[in-house]
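Peer 1: following is a predicted model, sequence given first.
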Amino acid sequence: MVTTTTLAAMPATETLLEVENLEIRYGNKLALGGVNLDVRRNEIFGIIGPANSGKTSFLRSLNRMDEFVHNMRVSGEVRFAGRDLSTVRNLYALRRMIGVVFPLPVGLPLSIYDNVALAPRLSGTTKRADLDEIVERCLTRAALWDEVKDRLKSLGSLLSGGQQQRLTIARALSQEPQMLLLDEFSIAVDPVTTMRIEEVLKELRDEMTIILVTNLVQQARRLANRTAFFLGGECVEIGDTEPLFAGGAKDQRTADYLEGRFG
């Protein structure tokens with residue numbers, strides 16, 4: 001069994017995630033095939049592409065969510081901090097290391113405080129002072145503390161959509177992940193909140209690695225160090241973001257997508 005301590009104690013390397021020959025199927029339907037890429041420590045790695053290109057399926061494979069999705073089958077090799085994820089038996093420990101924020105905010109039917117304190121409690125933190133510190137720190141990092149500090153006992157589900165999305169980020173941060181996966185977080189939030197979350201992500205890059213799936217091409221340009229373009233179940237191209245967006249795409253399909261010719 002792989003414990004949280006074992007995962008956290010893995011030696012630091014420049015490359016945090018390595019993917020080789022990844023293939024994802026739903027029954028007999030191929031959703032993503034032949035993916036080879038690496039994600040480096042403390043970078044924001046952007047993934048763009050039209051709907052049904054395999055972006056969300058890719059994120060699911062990183063967090064072993066295939067075990068909860070009917071007919072989803074994953075083959076190939078995914079190594080996180082040097083370990084083959086298929087060998088990890090303690091999925092709770094894995095998901096503490098790889099946090100996920102979904103497109104639509106899912107507030108647990110708990111208070112704002114308890115939404116953030118849940119994971120620390122499950123991992124053994126019981127002292128109120130310690131939990132208070134974690135809750136304040138995570139809500140602050142998610143740019144939400146000032147808005148909710150006087151109503152922490154209120155239900156998280158009563159917050160606005162943008163606030164719930166930031167609460168979801170705070171909940172993910174409470175697990176102190178090494179990698180944070182974000183799947184089109186902007187869908188349910190307004191432009192002002194989107195920009196606030198973008199500023200949060202820029203700051204978090206100093207502490208963790210972020211994989212950002214986005215349907216907003218310019219959001220990837222603003223945030224990502226490197227960007228991958230997915231199309232039709234294929235990873236077409238990966239490159240440093242600014243050169244890629246500034247006319248440096250090697251594949252014409254990438255250039256056409258970035259210039260808005262389809263999507």
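Peer 2: Great, that's in hand. Numbering: from 1, shown residues only.
Peer 1: tell me the confidence at residue 165?
Peer 2: pLDDT for residue 165: 88.
Peer 1: what does residue 72 show for phi and psi?
Peer 2: When quoted as degrees, to the nearest 10, the phi and psi of residue 72 stand at phi -80, psi 130.
Peer 1: pretty sure it contacts residue 56?
Peer 2: No. Between residue 72 and residue 56 there is no contact under CB atoms under 8 Å: 11.1 Å. C-beta: built from backbone N, CA, C; applies to glycine.
Peer 1: between these two, who's got more neighbours?
Peer 2: Set side by side, residue 72 and residue 56 show more neighbours around residue 56, with 21 against 17, by other CB atoms under 10 Å.
Peer 1: so what's that one closest to, chain neighbours aside?
Peer 2: Nearest-residue entry for residue 56: residue 183, 5.7 Å, with adjacent residues in sequence omitted and distances by CB to CB, 6 or more residues apart in numbering.
Peer 1: what's the spacing between the one you found and residue 106?
Peer 2: Separation of residue 183 from residue 106 (CB to CB, to the nearest Å) stands at 12 Å.
Peer 1: same check, this time on residue 231
Peer 2: Residue 231 is 29 Å from residue 106, by CB to CB.
Peer 1: check residue 76 too.
Peer 2: Distance from residue 76 to residue 106, by CB to CB: 29 Å.
Peer 1: how about the residue most central in space within the chain, what does it touch?
Peer 2: For the chain, residue 181 is the residue whose C-alpha lies nearest the centre (CA atoms, centre = their mean; 0.7 Å). Contact analysis of residue 181 by CB atoms under 8 Å, 6 or more residues apart in numbering lists 59, 62-63, 98-101, 210-211, 213.
Peer 1: so which of those residues belong to strands?
Peer 2: Using DSSP state E, the members of the contacts of residue 181 that fall in strands are 98-101, 210-211, 213.
Peer 1: what's the closest of those to residue 136?
Peer 2: residue 99 (18.7 Å; CB to CB).
Peer 1: so who does the closest one touch?
Peer 2: Taking CB under 8 Å, 6+ apart, one finds 172-173, 175, 177, 179-181 in contact with residue 99.
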